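S.K.: I would like to see how this sequence folds:
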Amino acid sequence: MLDTPSAGERPRDEATASDDSEMFELAPVSLWLEDFSGVRTLFDAWRAEGVTDLRAHFGAHPERVAQCAHSIRVIKVNRKTLDLFEADSLDTLTANLGAVFRDDMLKTHLEELCQLWAGQQSFMSQTVNYTLGGRRVDVLLKGAVLPGHEGCWDRVLVSLEDVSELEGARHRFMHAEQYARGLFEDSPVSLWVEDFSAVKRLLNEARAAGISDFRVFTDVHPEFVERCMQEIHVLDVNRHTLAMFAAPDKPTLLARLPQVFRDDMRPHFREQLVDLWDGKLFQQREVLNYSLDGSEVHVHLQFSVLPGHEQDWDLVLVALTDITARKKAEAYLEFLGKHDVLTKLRNRSFYVDELNRLERKGPFPVTVIMADLNGLKRINDQLGHAAGDALLRRAGEVLAKAMETPYQAARIGGDEFAVLMPSTDEHGGAAMIDTIRQLVELNNQFYPGSLLSFSMGAATCQHGERLETVVQRADLLMYEEKRAHYANPRASESNDE
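M.R.: Numbering: from 1, shown residues only. Next up is the predicted model:
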């Protein structure tokens, strides 16, 4: 027996249609029922004209994208659509579709049309719409030709999901990523992102092997330090790094890292490993690197394992600040503190400190030569101080040339010089005086005009003697030679003071 509707019941088809209508109306996303038959008609006409590539066709005739858009008829929308686009009715919404679908909407509409042209019965795109109040709405659009309407496309269901918040978050993330990348790339210091995970594994293996004193271990096995250096993987560097190390690009720098980290870098890296062994994940120290053109680059290194990567050390940030200029200034100041600027020999301050050190520690015997430049006052008076300075520079050249480690020559007064010779006896002192005289003769051959000459005296200090007394003896011998020099009429004529 067939079921028949009881009194008050609607036929099933009528009830189903009512339910569908209610679900459409109350759906939590924007729904549009549209008639695409006009688009289908246009497509058929274009195919008849011989169009096969719709994208190329639109490229040649961009106005036909808008023609397709205008041929679509909105049949109905649901309540969510009216709320989303701030419309009070379907008539208001359809009368203002030009304000809703504008700007870049046609670019994404082109993609939807190409999907339909290719034979798909559904399409999808992400686009931008606008409410009637002008607010931008990012939407995920999905459309499908309803079953039974595949031949003419007169019923197409389109859903619009508001993804503005998601797109906003994505844009904020992209902006933050670009901002962070900009900070990295344009930082005024050299930045390196490195992977130290292999170094961490090597240190763990050393602990597992029973190593407790890592410093002693690396003293005995320096090759372990070398291996750790080779296991560092550089992930990225910034632009300032390329400029600092004279590299044309990142691949070139990364391929030539052994030229950057070499020689004096090894002991610094060994100390870095010792600190890592002791759990110091943030470090700073001054180290020496080399640019690809071979020049020294003194840097202040700051090393930090980034938060969240303490277990593996797979993400490490290294910042290098170029302190080469500061180091050169410090070296120059140190040079000035211990050297005479004019002659480039050691100065009186160094001489006094070294004399005290030798008296305390030797090694003995210590021979001291006191030397006085002959004729400086006459040259200053007759030829000017520039000529006198030139003679002093020549004196510095001769004494510097005569010195061999550990001997030191110093200018201790206007025309007074001293030579300190540890581990040297009287014979060594006499040999040094002969060497100086030979160099003086050679120097006079190359510098015409004023003759260079020294009055010299030498004395030797044995262990237990006071060096001050020995210096006085050398001084007396030097003055005896000076008196003899000026007692000689020929010398007096050429070097008279």
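
S.K.: under the pLDDT cut-off, which ranges of the stretch 251-400 of the chain? List them.
M.R.: Within the stretch 251-400 of the chain, no range satisfies pLDDT under 70.

S.K.: and the strands in the stretch 301-450 of the chain?
M.R.: 316-322, 366-373, 408-411, 416-422 (DSSP state E, counting those that start in this stretch).

S.K.: what does the first one rub up against?
M.R.: To tie it back to what came earlier, the one meant is strand 316-322. The contact list for strand 316-322 (CB atoms under 8 Å, 6 or more residues apart in numbering) reads 187, 189-196, 241, 244, 289, 297-306, 309. In short, each C-beta sits where N, CA and C put it, glycine included.

S.K.: if we can go back for a sec, can I get the strands of the stretch 301-450 of the chain in CSV including distance to Asn129 and mean neighbour count?
M.R.: CSV is the format used below for the strands of the stretch 301-450 of the chain (distance: least, CB to CB, whole Å; neighbours: other CB atoms under 10 Å):
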stretch, distance to Asn129, mean neighbour count
strand 316-322, 43, 19
strand 366-373, 94, 25
strand 408-411, 86, 24
strand 416-422, 90, 23
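
S.K.: how about the closest residue to Leu399 other than its chain neighbours, what does it touch?
M.R.: Excluding the flanking residues, the one nearest Leu399 by CB to CB, 6 or more residues apart in numbering is Ala409, at 4.0 Å. Counting by CB under 8 Å, 6+ apart, Ala409 makes contact with 345-346, 399-400, 402-403, 417-419.

S.K.: thinking again about what came up before, buried subset of the contacts of strand 316-322?
M.R.: Taking 16 or more other CB atoms under 10 Å as the criterion, what is buried in the contacts of strand 316-322 is 190-196, 241, 244, 289, 297-303, 305, 309.

S.K.: in helices, which of the residues you listed fall?
M.R.: Counted as lying in helices by DSSP state H, out of the buried ones among the contacts of strand 316-322, are 241, 244.

S.K.: out of the contacts of Ala409, who's nearest Leu26?
M.R.: Arg346 (96.7 Å; CB to CB).

S.K.: beta partners of the closest one?
M.R.: Beta bridges link Arg346 to His339, Ala410 when assigned by DSSP bridges.

S.K.: so it sits against Tyr407, correct?
M.R.: No. Using CB atoms under 8 Å as the test, Arg346 is too far from Tyr407 to be in contact (10.7 Å).

S.K.: which one's more surrounded, the two?
M.R.: Arg346 (24 against 18; other CB atoms under 10 Å).

S.K.: how many neighbours does the closest residue to Cys152 other than its chain neighbours have?
M.R.: Spatially, and ignoring its direct neighbours in sequence, Cys152 is nearest to Ser37 (4.9 Å; CB to CB, 6+ apart). Residues lying near Ser37 (other CB under 10 Å) number 18.

S.K.: enumerate every residue touching Ser37.
M.R.: 152-154.

S.K.: at 10 Å instead, please
M.R.: When contacts are counted by CB atoms under 10 Å, 6 or more residues apart in numbering, Ser37 is found next to 71-73, 149, 151-156.

S.K.: which ones among the residues you listed are found in helices?
M.R.: Going by DSSP H, the helices hold Ser71 from these.

S.K.: which one (most neighbours) among the contacts of Ser37?
M.R.: Val156 (23 neighbours).

S.K.: my read: it touches Val39, true?
M.R.: Yes. Checked against CB atoms under 10 Å, the pair Val156 and Val39 is within contact range at 9.0 Å.
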